[in-house]
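Asker: Any chance you can model this:
(one chain, ligands or ions: 1)
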Amino acid sequence: MDSYDDIPYQSHAIPETHPQALAALARLSGIESANPQQCRVLELACASGGNLIPMAWQLPGSQFVGIDLSAVQIHEGQQRIAQTGLTNIQLQTGDILDYQPEGPFDYIIAHGVYSWVPEAVRSAILRLCQQHLSPQGIAYISYNTLPGWRMRGMLRDSLLHSVDRQSAPAARLAAAHHFLNRFEQGLGDIDALHSEYLRHEIGHIRSTHPSYLYHEYLAETNQPFLYRQFVADAAGHGLKPFGDARLHTLFAATLGEHAAEMVEDGDSPLERQQRYDFLVNRNFRQSLLCRSELPSLDEPSPEAFARLALFSTLQPPRKLDLRKAKPQPFTDTHGQQHPVSHPLSKVALSLLARAQPAALAYPELEAQAQHLLMQQGDPRFAAQPEHLFGELFMLYAHQHIGASPEPEAMPSVNLSTPAVCPHARVEAPLGQLTGRHHRTLRLGRDEMQLIALLDGTRDREALLTSLNTAREGKPLDKDWLALSLQRLVAEGVLS
Ligand SMILES: C[S@@+](CC[C@H](N)C(=O)[O-])C[C@H]1O[C@@H](n2cnc3c(N)ncnc32)[C@H](O)[C@@H]1O
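Answerer: Next comes the predicted model:
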């Protein structure tokens with residue numbers, strides 16, 4: 001039996017794999033991949049569809065196919081699709097080794113599988129991309145990288161030794177947890193660099209789902225690659241990497257002067273990326289590939305960024321200073337703050353926050369921000385669009401704001417008797433919600449109950465009465481409800 005049947009992987013949305021995200025990055029490399037609103041997507045090793053199912057809801061004009069070896073996980077995903085009523089997605093049990101899909105596909109996703117399967121399956125992943133990508137198609141493949149992963153490999157070696165006598169998956173996992181506890185205590189007595197690193201790694205494992213420990217550290221196969229090796233293997237299948245889902249990693253200037261100099265001395269994009277990996281001790285990559293013969297830029301062109309549409313969840317500070325180019329913190333959904341300095345950028349980000357979940361075309365955003373700044377701030381700053389460009393590009397490159405090839409309008413919502421979309425209704429009991437832009441939010445108990453009540457028949461008063469009837473403690477009030485509904489509007493799940 002497949003170990004994923006016994007210990008299913010916690011399958012969830014991976015924003016970097018979304019066709020919109022892939023298409024936006026392709027545009028920066030001069031590739032006109034298919035319109036994400038009307039495309040065909042294949043996910044290899046889709047587990048229970050936690051990544052693919054929300055995409056099928058977000059992009060109703062596109063078609064989605066997922067396969068996975070684990071019948072248990074596929075069955076779980078199929079049930080969720082049936083409950084949601086989606087008709088543009090199919091999940092199938094199957095082996096990548098002998099899979100023969102009905103291509104072509106505009107986007108092929110293989111996340112968390114390439115390093116974790118035997119060589120023959122890895123070749124099959126590349127072969128499937130070679131045979132079934134459309135001419136302008138994009139493949140996303142993630143894998144563990146050398147030399148960085150060797151450090152994680154230290155812990156894997158110790159863990160594999162400690163579970164050696166167990167064969168049943170649950171017993172292996174229990175033995176691994178037991179070992180980690182004792183190992184961490186023991187390491188506490190050792191004053192050495194490796195001890196500090198390993199304790200940090202153990203903390204990282206504890207912060208993740210137990211299936212990660214099992215399938216990352218105890219997996220039968222876990223093969224990291226030098227980037228150079230991955231590029232050679234892809235070339236053997238008529239594919240070339242043109243970019244990376246983590247855009248900032250393609251710009252060495254973000255590393256500091258000497259590091260950037262060392263990277264930029266490399267005589268090819270491949271050598272520059274390889275040096276980058278050495279410097280940052282990179283242990284994971286999310287490569288974007290296309291057909292070798294497809295013309296693409298050697299390195300992404302920031303200029304194309306101004307032809308995209310942007311969306312953002314960053315919240316502005318309470319009082320914006322639009323008269324000085326002075327850093328002010330904009331807060332993301334995890335509570336992390338990102339300093340933004342130029343008054344034009346501050347206005348633009350506030351406009352995006354207010355328009356959530358819409359994506360605004362860059363030229364329109366710039367014009368609106370300039371207009372507002374002329375009225376409300378120091379008008380001299382309105383004539384400095386290059387600062388807006390610089391700040392927004394850096395926020396995008398670091399994945400603090402998002403981009404899509406085409407603008408997206410704000411959906412109209414009936415806020416007097418709101419209704420939540422079937423996708424959110426099915427997902428909410430799991431304590432999570434994947435929004436319009438493929439981010440997963442954790443839900444509290446009250447929000448889960450609110451979503452269950454949002455069927456379009458209750459006004460705000462009726463919602464509060466139902467929520468408070470069975471509730472212990474302080475009753476929920478109008479302000480709580482308004483904020484919660486606003487959050488759901490921003491995620492695009494209300495209709
Ligand atoms: C680490 S999980 C990643 C799942 C998902 N892509 C994600 O990132 O959430 C690896 C998945 O690969 C699947 N898998 C392993 N070998 C496979 C094969 N030969 N054919 C299809 N799926 C396979 C497993 O069943 C498992 O669901």
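Asker: What residues does this protein have near the ligand?
Answerer: Within the chain, the positions near the ligand by CB under 6 Å from any ligand atom are 2, 4, 9, 11, 45-47, 51, 67-70, 73, 95-97, 111-113, 116-117, 121, 215. For every residue, glycine as well, the C-beta is placed using N, CA and C.
Asker: Restricted to helices, list those.
Answerer: The helices, defined by DSSP state H, take in 4, 73, 121 from the residues of the chain next to the ligand.
Asker: quick one: contacts for the spatially closest residue to the last one that is not a sequence neighbour?
Answerer: With CB to CB, 6 or more residues apart in numbering as the measure, residue 96 is the residue that lies nearest to residue 121, at 5.3 Å, once sequence neighbours are left out. With contact taken as CB atoms under 8 Å, 6 or more residues apart in numbering, residue 96 is in contact with 44, 45, 67, 69, 113, 117, 121, 124, 125, 128.
Asker: could I get the residues you listed as JSON lines with distance to residue 146?
Answerer: Formatted as JSON lines, those follow (distance: CB to CB, whole Å):
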{"residue": "44", "distance to residue 146": "23"}
{"residue": "45", "distance to residue 146": "22"}
{"residue": "67", "distance to residue 146": "28"}
{"residue": "69", "distance to residue 146": "26"}
{"residue": "113", "distance to residue 146": "18"}
{"residue": "117", "distance to residue 146": "17"}
{"residue": "121", "distance to residue 146": "19"}
{"residue": "124", "distance to residue 146": "22"}
{"residue": "125", "distance to residue 146": "19"}
{"residue": "128", "distance to residue 146": "24"}
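Asker: In strands only, show me those residues.
Answerer: Mapping the contacts of residue 96 onto strands (DSSP state E) picks out 44, 67.
Asker: Among the contacts of residue 96, which pair sits farthest apart?
Answerer: Farthest pair in those (CB to CB) is 69 and 128. Separation: 14.2 Å.
Asker: Output the below-cut-off pLDDT ranges for this structure.
Answerer: Scanning the chain for pLDDT under 70 picks out 1-2.
Asker: Can you tell me the SS state at residue 451?
Answerer: helix (DSSP: H, G, I helix; E, B strand; the rest coil).
Asker: what's near enough to touch it?
Answerer: 420, 424, 425, 428, 433, 443, 488.
Asker: run the last query once more with 6 Å
Answerer: Going by CB atoms under 6 Å, 6 or more residues apart in numbering, residue 451 touches 420, 424, 428.
Asker: before we move on, which element is residue 279 in?
Answerer: Secondary-structure assignment from DSSP states H and E places residue 279 in helix 269-280.
Asker: So which bits of that helix are buried?
Answerer: By neighbour count on 16 or more other CB atoms under 10 Å, the buried set for helix 269-280 is 269, 272, 273, 274, 275, 276, 277, 279.
Asker: For the nearest residue to residue 37 once chain neighbours are set aside, grab the count of nearby residues.
Answerer: Leaving out its chain neighbours, the residue that sits closest to residue 37 by CB to CB, 6+ apart is residue 61, at 5.0 Å. Applying other CB atoms under 10 Å, we find 10 residues neighbouring residue 61.
Asker: Looks to me like residue 61 is in a helix.
Answerer: No - checked against three-state DSSP, residue 61 lies outside a helix; its state is coil.
Asker: State which one residue of the stretch 201-350 of the chain is found closest to the ligand.
Answerer: Distances between the stretch 201-350 of the chain and the ligand by CB to the nearest ligand atom are smallest at residue 215, namely 4.6 Å.
Asker: that older thread, possible to save the contacts of residue 96 as TSV with neighbour count?
Answerer: Listed next are those as TSV, based on neighbours: other CB atoms under 10 Å:
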residue	neighbour count
44	26
45	24
67	20
69	20
113	22
117	23
121	18
124	18
125	24
128	23
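Asker: Which residue ranges of the stretch 251-400 of the chain form strands?
Answerer: For the stretch 251-400 of the chain, the strands defined by DSSP state E, counting those that start in this stretch occupy 284-291, 309-311, 328-331, 337-340, 360-361.
Asker: Can I get those in a markdown table including distance to residue 298 and mean neighbour count?
Answerer: Listed next are these as a markdown table, based on distance: least, CB to CB, whole Å; neighbours: other CB atoms under 10 Å:
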| stretch | distance to residue 298 | mean neighbour count |
| --- | --- | --- |
| strand 284-291 | 13 | 22 |
| strand 309-311 | 25 | 23 |
| strand 328-331 | 33 | 18 |
| strand 337-340 | 30 | 17 |
| strand 360-361 | 27 | 20 |
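Asker: got the contact list for the longest helix anywhere in the chain?
Answerer: Scanning the chain for the longest helix, with DSSP H as the assignment, gives helix 169-187. With CB under 6 Å, 6+ apart as the contact definition, helix 169-187 has outside contacts at 3, 6-7, 159, 162-163, 166, 195, 198-199, 202, 214, 218.
Asker: Now a PyMOL select for only the buried ones of these.
Answerer: Selecting only the buried entries of the contacts of helix 169-187 in PyMOL, with 16+ other CB under 10 Å as the criterion:
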select buried, resi 3+7+159+162+163+198+199+202+214+218
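Asker: In JSON lines, list the strands of the stretch 251-400 of the chain along with distance to residue 392.
Answerer: Below are the strands of the stretch 251-400 of the chain laid out as JSON lines (distance: least, CB to CB, whole Å):
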{"stretch": "strand 284-291", "distance to residue 392": "21"}
{"stretch": "strand 309-311", "distance to residue 392": "7"}
{"stretch": "strand 328-331", "distance to residue 392": "12"}
{"stretch": "strand 337-340", "distance to residue 392": "9"}
{"stretch": "strand 360-361", "distance to residue 392": "11"}
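Asker: what helix or strand is the nearest residue to residue 450 once chain neighbours are set aside on?
Answerer: Leaving aside its sequence neighbours, residue 450 sits nearest to residue 484 (CB to CB, 6+ apart; 5.7 Å). Element membership of residue 484 [criterion: DSSP H and E] is helix 478-490.
Asker: how far out from the middle of the chain is stretch 459-473?
Answerer: The chain centroid and the centroid of stretch 459-473 are separated by 35 Å under CA atoms, centre = their mean, to the nearest Å.
Asker: Show me which parts of it are buried, residue by residue.
Answerer: Neighbour-count burial for stretch 459-473, counted by 16+ other CB under 10 Å, picks out 463, 464, 467.
Asker: Residue of the stretch 301-450 of the chain closest to the ligand, please.
Answerer: residue 440 (11.6 Å).
Asker: What is the neighbour count of that residue?
Answerer: For residue 440, using other CB under 10 Å, the count is 17.
Asker: For it, which residues count as its bridge partners?
Answerer: residue 434 (DSSP bridges).
Asker: dump the residue contacts of it.
Answerer: Under the criterion of CB under 6 Å, 6+ apart, the contact list for residue 440 reads 12, 13, 432, 434.
Asker: a markdown table please, covering the residues you listed and showing neighbour count and distance to residue 152.
Answerer: Putting the contacts of residue 440 into a markdown table (neighbours: other CB atoms under 10 Å; distance: CB to CB, whole Å) gives the following:
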| residue | neighbour count | distance to residue 152 |
| --- | --- | --- |
| 12 | 16 | 21 |
| 13 | 22 | 24 |
| 432 | 16 | 27 |
| 434 | 24 | 28 |
